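Chemist: missing the sequence, but the structure's below:
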């Protein structure tokens, strides 16, 4: 269950270490949002898989749409002088914890079922 | 495939997450290395503003100094100093004064010593020229500089370290009319101290005079260049020197009128 994300992250870290890219300091906060969006998408995908209603296209679309929306919103509000960045972080964090708790519930239920068998 | 599609999606997303994490971590580390003391953007902004102001000031200064360097003409300054020091030949309008001893045969009762050009007469004549605004003076081809002294050496006059014999040709660069007017002023030096001794003197205005350069040595054994000192130190030093000179001057001054008194 957690093996796939772990392998993915380690491969990503490896690729990242090999590539010489660096985020310009101006876009630092946007990357932070993108990271949160990605984490959210990963847990969301895991939850969907556990609920057995995972649809690949829906996952990809919602992932990119969420990330793009969050970054765009933060950018425009930054231009207008509204500090919405924190709001986006909070929103993503709430979703994240929500997903995490659901995943936990599912895993506990599955473990119990297996134990009862 | 649909069963495992989540692996693909989540795996891809995880890879992206890993890459983003590395990039972000790099940026964050750089920020913490280069700007460790700043917690907030506004602090940084204040610092940046201050440094920008500093930079602007420094750039203005640089601009000013560059202009100064451009304006500074080494050759011109060197030329001016050389002219002052008298180490370059000069040409310019001025007067040419020829001073000779008395030419007529002396009568038996006349003291021949009174009818030759003395070093002090020459010196005072040159002094008149300086006072009248002469820019450069040469006597018989010997250029006068700041250290040039006059003294008596038997029948000749020692100017600097050159022995000169009459006729003395004094060439002075300056405004010819001013110089001549200053020399020939009634009751002036020539009128009262040269002509009564029947010394031969002719003053000619010249449009173009050539003055040779000073050819002596210019070695300073005792004096050395120092930065400007305060008034206190200078005042203390000059006082002592003046006292010493004052005592010596008195008998000399007393001696001079005696010679003048003998003249008629």
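Modeler: Everything's here; your move. These numbers come from a predicted model, not from an experiment.
Chemist: check which helix or strand covers residue A:68.
Modeler: In the assignment (DSSP states H and E), residue A:68 maps to helix A:56-80.
Chemist: how about that helix, does it get close to chain B?
Modeler: Yes. Helix A:56-80 lies within reach of chain B by C-beta under 8 Å from any C-beta of the partner chain, at A:56, A:59-60, A:63. (C-beta placed from N, C-alpha, C; glycine too.)
Chemist: Output the contacting helices and strands for the lengthiest helix in chain A.
Modeler: Secondary structure of chain A per DSSP state H: the longest helix is helix A:85-116. On a contact count with 3 or more C-beta pairs under 8 Å, 6 or more residues apart in numbering or on different chains; DSSP states H and E, helix A:85-116 meets helix A:28-51, helix A:56-80.
Chemist: contacting residues around residue B:147?
Modeler: Neighbour list for residue B:147: B:160, B:216, B:218 [criterion: C-beta atoms under 8 Å, 6 or more residues apart in numbering or on different chains].
Chemist: ok, so of those, who is nearest chain A?
Modeler: Closest approach to chain A among the contacts of residue B:147 (C-beta to the nearest C-beta): residue B:218, at 64.8 Å.
Chemist: how close does the closest one get to residue B:5?
Modeler: 99 Å (C-beta to C-beta, to the nearest Å).
Chemist: Of these two, which one has the most company?
Modeler: More neighbours surround residue B:5 than the other of residue B:218 and residue B:5, with 16 against 11 (other C-beta atoms under 10 Å in any protein chain shown).
Chemist: Around chain A, which positions in chain B sit nearby?
Modeler: B:2, B:5-24, B:26-28, B:30-31.
Chemist: residues near the residue lying closest to residue A:89 once chain neighbours are set aside, how many?
Modeler: Once flanking residues are discounted, residue A:89 sits nearest to residue A:36: 6.2 Å by C-beta to C-beta, 6 or more residues apart in numbering or on different chains. Other residues near residue A:36 come to 23 when the count uses other C-beta under 10 Å.
Chemist: thinking residue A:36 is in contact with residue A:95, fair?
Modeler: No. With contact defined as C-beta atoms under 8 Å, residue A:36 does not count as touching residue A:95 (9.1 Å).
Chemist: show me where pLDDT drops low in chain B?
Modeler: Filtered on pLDDT under 70, chain B yields the residue ranges B:1-3, B:35-39, B:230-264.
Chemist: now the strands for the stretch 51-200 of chain B?
Modeler: Using DSSP state E, counting those that start in this stretch, the strands found in the stretch 51-200 of chain B span residues B:90-100, B:136-139, B:142-143, B:150-153, B:156-159, B:162-164, B:168-173, B:200-211.
Chemist: Highest mean neighbour count out of the ones you listed?
Modeler: Highest mean neighbour count of the strands of the stretch 51-200 of chain B: strand B:136-139, a mean of 24 (counted as mean count of other C-beta atoms under 10 Å in any protein chain shown).
Chemist: Residue A:71: neighbouring residues, count only.
Modeler: 20.
Chemist: Could you check how far it is from chain B?
Modeler: 12 Å (C-beta to the nearest C-beta, to the nearest Å).
Chemist: so what's that residue up against?
Modeler: Per C-beta under 8 Å, 6+ apart, neighbours of residue A:71: A:30, A:33-34, A:37.
Chemist: Which member of the residues you listed is positioned nearest chain B?
Modeler: Minimum distance to chain B across the contacts of residue A:71 is 5.9 Å, recorded for residue A:34 (C-beta to the nearest C-beta).
Chemist: you'd agree the closest one is up against residue A:66?
Modeler: No. Counting by C-beta under 8 Å, residue A:34 sits too far from residue A:66 to count as a contact (9.8 Å).
Chemist: and residue 108, how many neighbours?
Modeler: All of this is about chain A. 10.
Chemist: my question was about chain B
Modeler: With other C-beta under 10 Å as criterion, residue B:108 counts 4.
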